[in-house]
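**Student:** got a sequence here, can you model it:
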Amino acid sequence: MKDENLLNHSRIVEPEASWKSLGIYFALAFVWTWAFMIPAVTTAPEQYQTPLIIVAAFGPFLAAMVTIRIFEGKEVLGGWLRMIFRFKIPWYLYLAGAFLIPLLIGGLQFGLYKILGGSPAWREAAPWFTYLFSLIPTALLTGGNEEPGWRGYALPVLNKLTSPVLAGLILGVVHSLWHLPMMGRYETNMLWYLFNLIPLTYLFNWFYLKSRGSIWPVMLFHAGTNVIGNFIPTPMKVLGNWGDFMVLRGIVYWLILAVLITATWKDWQSKNSDHISDQ
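**Tutor:** The predicted structure is shown next:
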């Protein structure tokens with residue numbers, strides 16, 4: 001890649017793909033995150049738990065920067081950072097990531113909850129005027145900040161090494177295992193967490209590939225999935241001891257994914273489909 005192309009924000013700047021660099025990336029992400037996350041959920045005093053979790057959540061992003069710097073140098077790293085953090089993309093991608101898709105997910109989950117006999121709990125809902133005040137910090141600090149690593153780095157590398165379907169499965173499993181110390185706090189187990197996160201990974205992947213190389217829309221989308229439950233609450237237990245939130249949300253993700261794959265099947269068939277956003 002020529003220098004002028006490397007620095008051109010309109011072009012896709014992607015790291016080289018190898019299983020070795022990807023393995024090192026995953027290892028670095030786990031080491032950084034677990035070094036802070038495990039103390040946060042075990043021994044840390046309550047006032048230090050949230051700061052430790054925030055620092056832990058930057059693991060995938062920091063690991064991506066270190067991996068690119070080691071294997072490809074500072075020029076590629078600089079071009080990659082400028083590419084994934086550029087703001088000049090269509091406005092509807094921001095709207096979809098921040099509002100439309102999270103609202104669809106929350107609405108479908110609430111509909112399923114009602115069908116199963118759940119009672120509305122609107123008194124427990126956060127006021128909608130606070131939505132952005134909840135969304136933006138989550139996008140920057142506690143969820144969305146993972147995305148420069150998972151989608152900005154790991155996904156393009158995986159798409160070069162394998163098919164989009166296998167890439168999503170690998171990234172979904174790794175991302176789920178990365179959350180392993182949090183299972184107690186999430187009141188679930190790894191089986192149900194995989195059921196929830198694997199389809200969501202495919203949704204994140206597809207949305208990122210449609211975002212023209214900018215990570216901002218998927219950061220907002222990730223944050224939206226984290227906070228929408230505060231605004232459309234489903235507190236009543238309708239599935240006994242199954243862990244309502246993860247199960248109901250997982251069903252919604254699988255349903256949306258089924259519709260998405262049916263509608264965009266060609267995007268999922270070929271290896272190295274990381275430029276489907278230009279199709």
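
**Student:** ok, P217 - contacts?
**Tutor:** I89, L93, Y94, A96, G97, A98, F207, Y208, S211 (Cβ atoms under 8 Å, 6 or more residues apart in numbering). The way it works is simple: take the backbone N, C-alpha and C, and place the C-beta from them, glycine included.

**Student:** at 10 Å instead, please
**Tutor:** 89-90, 92-98, 101, 147, 207-208, 210-211 (Cβ atoms under 10 Å, 6 or more residues apart in numbering).

**Student:** where does the prediction get shaky in this protein?
**Tutor:** Applying pLDDT under 70 to the chain flags residues 1-13, 241-242, 270-279.

**Student:** now the spatially closest residue to A44 that is not a sequence neighbour: how far from T188?
**Tutor:** Excluding the flanking residues, the one nearest A44 by Cβ to Cβ, 6 or more residues apart in numbering is L52, at 5.7 Å. Remark: distance between L52 and T188 (Cβ to Cβ, to the nearest Å) = 21 Å.

**Student:** of the two, who's got more company?
**Tutor:** T188 (21 against 17; other Cβ atoms under 10 Å).

**Student:** so who does that one touch?
**Tutor:** H179, M182, F195, N196, W242, G243, D244, F245, M246, V247, G250.

**Student:** can you classify it by secondary structure?
**Tutor:** Using DSSP: H, G, I helix; E, B strand; the rest coil, the structure places T188 in coil.

**Student:** now, the contacts of T188 that are in strands?
**Tutor:** Judged by DSSP state E, strands contain none of these.

**Student:** among the residues you listed, which ones are buried?
**Tutor:** When these are checked for burial by 16 or more other Cβ atoms under 10 Å, the buried set is H179, M182, F195, N196, G243, D244, F245, M246, V247, G250.

**Student:** give me the phi and psi for the residue nearest in space to the middle of the chain.
**Tutor:** For the chain, the residue nearest the mean C-alpha position is H222 (4.9 Å; Cα atoms, centre = their mean). Note on H222: its backbone torsions stand at phi -60, psi -50 [degrees, to the nearest 10].

**Student:** what's the closest non-adjacent residue to it?
**Tutor:** G144 is the one closest to H222 (Cβ to Cβ, 6+ apart), at 4.7 Å.

**Student:** residues contacting that neighbour?
**Tutor:** With contact set as Cβ under 10 Å, 6+ apart, G144 has these partners: 57, 97, 135-138, 215-216, 218-226.

**Student:** try it again at 6 Å.
**Tutor:** By Cβ atoms under 6 Å, 6 or more residues apart in numbering, G144 lies in contact with M219, H222, A223.

**Student:** any chance of those in CSV, plus distance to L62?
**Tutor:** Below are the contacts of G144 laid out as CSV (distance: Cβ to Cβ, whole Å):
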residue, distance to L62
M219, 15
H222, 17
A223, 19
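
**Student:** now, which of those residues sits nearest A126?
**Tutor:** Closest to A126 out of the contacts of G144 is A223 (14.2 Å), distances taken as Cβ to Cβ.

**Student:** okay, now the closest one: neighbour count?
**Tutor:** 26.
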